[in-house]
Structures are given as C-alpha cells and as structure tokens.
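Undergrad: sequence first, then the predicted structure:
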Amino acid sequence: MFITLVTLLEEVKDILKLHGQMLNTLLKNDSMPIMAIPDGVVFPLANVEDVIAMNEKCSDPEFMSAVVAMVGDIGGSSLEDATRRMMKFLMVPELQRHNELAATFNTHSQSCAIKHRQQDTLEVLDLSYNLLEENPALLGGLEKLSTLILDFNNYNSHVKFPYMPSLTALWLNKNKISNLPIIVEEICSKFPNIRFLSMMNNEAAPSYFNGGSLTQYVDYREYVISQIPSLEVLDDTEVQEKERELARKTYRMQRIREGSRKRKELHR
C-alpha cells in the first residue's frame with residue numbers, strides 16, 4: 001500500500017536531480033510555505049487508512065502530478081536531506097517508522113522506479129540514495145540498460161548482480177565495498193562489456209577521498225585495470241594505454257610468482 005508514496009518520492013527525486021530544482025530551494029527552512037495542497041488531501045498522513053485513500057487518489061494522473069509538484073517544492077540542502085524533509089511532510093513519525101514502509105522502501109524502491117518507466121527501452125537507471133543492500137535481481141529484465149548508477153547505497157563486496165551484457169557504465173560510489181578482488185570478479189562475470197566504472201569512496205578503492213595513500217591508489221587502479229581490460233575510465237580518470245600496459249605486466253608477473261610459489265609448495 002506504500003508503493004505509491006515511494007514512487008512519488010522517486011519521481012520527486014528525479015525532478016530534483018534532472019532540473020536542479022533544489023538549487024532554488026536550498027535556503028528554505030521548515031517554516032517557509034510550500035505550494036498549495038491539492039483539494040481533498042490532508043498532510044501529514046496519520047494512519048494506514050490515510051495511505052490507502054491517498055493511493056486511490058494518486059491513480060488520477062493529474063492529481064499525482066499536482067502532489068509531485070507540491071512535494072518537489074519542499075527542497076533541502078542535499079538529496080538525502082530533501083528526502084527526509086519530504087517524508088516528514090508526507091506522514092507522521094509513527095507512520096514513517098511503520099515496518100511495512102521500511103521494508104517497502106528498501107526492497108521495492110528498485111521495482112517502483114523501474115515500473116514507472118519502459119523496461120524494454122530503459123537505457124539509464126539511477127537508484128542512488130535508496131539505502132539498498134539486497135541483490136538487485138530485478139535489473140535482469142532490463143535488456144537495453146547501458147548505465148546503472150547505485151551511488152550512496154549499502155551494497156557490500158558480496159552483492160550479486162544479474163548477467164547484463166548491455167551494461168557499459170556502472171557507478172558504485174559511496175557504498176560499503178571493502179573486498180576488491182571479490183567485487184571485481186563479480187563485475188567481470190556479470191558485465192562483460194563494461195567500459196566505465198566508478199567505485200570512489202569505498203574502502204576497497206583507496207584514494208584522496210577516503211585517506212588512501214598514493215601507493216594504495218596506484219595499486220588499486222592497476223589491479224582493476226588488469227582484471228577488466230575493457231575499461232576506458234576508472235573512477236574520475238581515463239585509463240591511459242601506458243597505465244594499461246603497466247597494470248598488465250605487474251599482475252602478470254604476480255601471477256607467475258604465485259604459480260611458482262604454489263609449485264614449490266607442492267614439491268616439498
């Protein structure tokens with residue numbers, strides 16, 4: 001029953017990102033008025049019955065558009081702050097904490113965003129700022145998806161993606177990825193045509209963003225580039241041919257040394 005509200009939030013966030021509406025409302029505070037509430041609507045919603053009634057009203061496209069425009073005018077200092085303020089406006093705290101809402105927002109936010117678009121033609125999908133952590137199996141049906149943005153979620157190194165040969169760009173910035181070999185292996189096996197990858201602000205991707213040293217940053221880049229030869233851009237930097245060749249040589253020598261060490265251990 002909460003899916004309509006989550007879909008509404010997804011639409012509002014798209015508006016904020018695509019049109020920069022947040023720039024105009026950045027300095028607003030909670031005491032400032034927003035657009036008029038459409039007739040027949042009382043916010044915040046106080047109970048499940050209110051949510052059911054809202055779902056029915058939102059079946060009218062004009063009504064839904066009016067609510068989206070009204071909530072989109074709330075604004076915030078960031079996308080995360082705007083989402084928090086929108087939730088505060090839409091429903092009372094007790095309803096926000098309702099277990100069903102929490103489960104719906106975490107588990108079904110992907111499906112809400114996808115349902116509202118054409119699955120057979122969708123090429124770019126942004127699911128950032130959704131606190132997602134479950135395996136995104138729903139994405140497997142997007143046969144033409146080329147760009148997937150999953151920034152600011154809770155994915156870890158063991159996330160399992162569906163096989164998506166159409167995907168060429170993957171953004172995983174600011175998640176909870178700590179094991180580089182595991183996530184790189186998953187990316188290699190599930191996205192064979194990937195060309196653009198960004199994993200900044202993860203423990204597994206040391207850089208100046210998270211306190212990593214220059215040596216750690218170089219080692220990180222060399223490893224990823226050596227394992228994913230198709231990469232053209234890693235994080236915010238284009239992969240140069242010299243860098244690609246050095247990465248290939250470095251990890252080829254490492255594999256040779258490891259093979260030699262294993263053979264010696266077998267003959268002891």
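TA: Received, thanks.
Undergrad: and the helices in the chain?
TA: Here the chain has its helices, by DSSP state H, at 3-19, 21-25, 48-57, 61-72, 79-90, 93-96, 99-115, 180-190, 214-227, 241-266.
Undergrad: where does pLDDT dip in the stretch 151-268 of the chain?
TA: For the stretch 151-268 of the chain, the stretches flagged by pLDDT under 70 are 253-268.
Undergrad: please list all residues in contact with residue 181.
TA: For residue 181, the set of contacting residues under the criterion of C-beta atoms under 8 Å, 6 or more residues apart in numbering consists of residue 223. No exception for glycine: its C-beta is placed from N, CA and C like everyone else's.
Undergrad: brain fart, residue 169
TA: Shown in contact with residue 169 (C-beta under 8 Å, 6+ apart): 146-148, 194-197.
Undergrad: that one pairs with what?
TA: Here residue 169 shows beta-bridge partners residue 147, residue 196, assigned using DSSP bridges.
Undergrad: next: residue 156.
TA: Partner residues in beta bridges with residue 156: residue 176, with DSSP bridges as the criterion.
Undergrad: list the residues that contact it.
TA: Listed by C-beta under 8 Å, 6+ apart, the contact partners of residue 156 are 133, 175-178.
Undergrad: now those residues as TSV including neighbour count and distance to residue 60?
TA: Conversion of those to TSV gives the following (neighbours: other C-beta atoms under 10 Å; distance: C-beta to C-beta, whole Å):
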residue	neighbour count	distance to residue 60
133	15	34
175	25	38
176	14	40
177	22	42
178	14	47
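Undergrad: tell me the domain ranges of the protein?
TA: Taking automatic domain parsing as the domain assignment, the ranges for the chain are 3-103, 119-266.
Undergrad: average pLDDT for the first one?
TA: By that I understand domain 3-103. Summarised as a single mean, pLDDT over domain 3-103 is 62.
Undergrad: related to what we said a few turns ago, can you pick the most crowded of the contacts of residue 169?
TA: The member of those that has the most neighbours, counting by other C-beta atoms under 10 Å, is residue 197 with 24 neighbours.
Undergrad: could you pull up the residues touching that residue?
TA: Applying C-beta under 8 Å, 6+ apart, one finds that residue 197 lies in contact with 169-170, 172, 187, 224, 228, 231, 233-235.
Undergrad: are any of these buried, and which?
TA: Among these, the ones that count as buried by 16 or more other C-beta atoms under 10 Å are 169-170, 172, 187, 224, 228, 231, 234-235.
Undergrad: now the two most distant members of the residues you listed.
TA: Of all pairs drawn from the buried ones among the contacts of residue 197, the widest gap by C-beta to C-beta lies between 169 and 224 and measures 14.7 Å.
Undergrad: residue 141: neighbour count?
TA: Per other C-beta under 10 Å, the neighbour tally for residue 141 reads 12.
Undergrad: what's the separation between residue 244 and residue 71?
TA: According to C-beta to C-beta, to the nearest Å, residue 244 stands 47 Å off from residue 71.
Undergrad: no, scratch that, I was asking about residue 226
TA: Distance of residue 226 to residue 71, given as C-beta to C-beta: 47 Å.
Undergrad: so between these two, which is more surrounded?
TA: residue 71 (24 against 20).
Undergrad: can I assume the more buried one is in contact with residue 90?
TA: Yes - assessed by C-beta atoms under 8 Å, residue 71 is found in contact with residue 90 at 6.9 Å.
Undergrad: out of the buried ones among the contacts of residue 197, which is nearest to residue 84?
TA: Out of these, the one with the shortest distance to residue 84 is residue 172. That distance is 23.2 Å, counting by C-beta to C-beta.
Undergrad: could I get the contacts of residue 169 as a markdown table with distance to residue 157?
TA: As requested, the contacts of residue 169 are arranged in a markdown table below (distance: C-beta to C-beta, whole Å):
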| residue | distance to residue 157 |
| --- | --- |
| 146 | 24 |
| 147 | 22 |
| 148 | 17 |
| 194 | 17 |
| 195 | 22 |
| 196 | 20 |
| 197 | 15 |
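Undergrad: understood, closing this out.
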